[in-house]
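Asker: how does the following fold in three dimensions:
(3 chains)
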Amino acid sequence: MSWTDDRVETLKRMWSEGQSASAIAKELGGVTRNAVIGKVHRLGLSNRTEEPEAPAPAPAPEPVAREKPAAPRAVPQPATVPLRPEPAPEPVAVQPEPEPEPSTQPAFVPVPRRPIVPAGQPLPPQPSANEISPEALASVREVEKRAKKLTLMELTERTCKWPIGDPATDKFWFCGLPSVAGKPYCEAHVGVAFQPMSSRRDRRR
DNA sequence: CCCTGATTCGC
DNA sequence: GCGAATCAGG
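Answerer: Numbering: from 1, shown residues only, chains lettered A, B, ... in the order given. As a prediction, the model looks like this:
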């Protein structure tokens, strides 16, 4: 394979998109990630900044006029990968918080209502105590304690892609344990993900 | 061990 | 120019 304009274009595009060299090599085919990296360097775009960004680190040492010292000052976003919601710490584990209700007071509702998630995405395929063997479920619970807790971007072909937790909160991650060859999940999750059409042999329930 | 990019250097 | 081998790191 040679670096045709077409392929170079794809290379440039994917590289600027932040794709890894191996991913690009895979996409192009016929080349290794080394080849891709080599090409990247030869093209002089090793530094992933296709954006005409700030020319210098410009530490701005001299304190200029500082405004409004009161505000908590928003943290400047890293501005690298756009795919990170930066979750707000949310006490998901709420306590029962019993309220006898005085009856005399109509009472307002100071209750820390749930975050109210606008886009209610479908919850991950958490096995809802369905038709899954108790052993498998137990195994899953056990395994999920040891989950690598990978982010979406950390997943590979060899990591378990079983989602754990609620995507709407920061208590969400992917299992990340070694996946079974050819399967998207680890041993335990394969067990609950792939149910034989007729799981249990109708063990005379 | 899986992965990442960086560099070298014979071709 | 090319990219395998190697290096250096997470």
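Asker: what about A:Met14, neighbour count?
Answerer: 18 (other C-beta atoms under 10 Å). C-beta: built from backbone N, CA, C; applies to glycine.
Asker: quick check: it touching A:Ser22?
Answerer: No - under the criterion of C-beta atoms under 8 Å, A:Met14 makes no contact with A:Ser22, lying 11.0 Å away.
Asker: residues in contact with stretch A:170-190?
Answerer: A:87-90, A:92, A:136, A:139-140, A:142-144, A:146-152, A:154-155, A:157-166, A:193-194 (C-beta atoms under 8 Å, 6 or more residues apart in numbering).
Asker: so which elements touch the lowest-mean-pLDDT helix or strand in chain A?
Answerer: When the helices and strands of chain A are scored by mean pLDDT, DSSP states H and E, helix A:134-145 comes last with a mean of 81. Applying 3 or more C-beta pairs under 8 Å, 6 or more residues apart in numbering; DSSP states H and E, one finds that helix A:134-145 makes contact with helix A:187-193.
Asker: in the helix it packs on, what counts as buried?
Answerer: A:188-193 (16 or more other C-beta atoms under 10 Å).
Asker: dump that helix to PDB, keeping only the CA atoms.
Answerer: In PDB, the C-alpha atoms belonging to helix A:187-193 read as follows (Å, rounded to 0.1, in the frame of the first residue of the first chain):
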ATOM      1  CA  GLU A 187     -17.000 -14.100  31.400                       C
ATOM      2  CA  ALA A 188     -19.500 -13.100  34.000                       C
ATOM      3  CA  HIS A 189     -21.300 -10.600  31.800                       C
ATOM      4  CA  VAL A 190     -21.400 -13.000  28.900                       C
ATOM      5  CA  GLY A 191     -23.300 -15.200  31.200                       C
ATOM      6  CA  VAL A 192     -26.000 -12.700  31.700                       C
ATOM      7  CA  ALA A 193     -25.900 -11.100  28.300                       C
END
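Asker: what does chain A put close to DNA strand B?
Answerer: A:19-23, A:33-34, A:37-38, A:40-41, A:46-47, A:156-158 (C-beta under 7 Å from any atom of the strand).
Asker: quick one: buried ones out of the residues you listed?
Answerer: A:19, A:21, A:37, A:40.
Asker: who's in contact with the least confident helix or strand of chain A?
Answerer: A:127, A:129, A:164, A:175, A:177, A:186-189, A:191-192.
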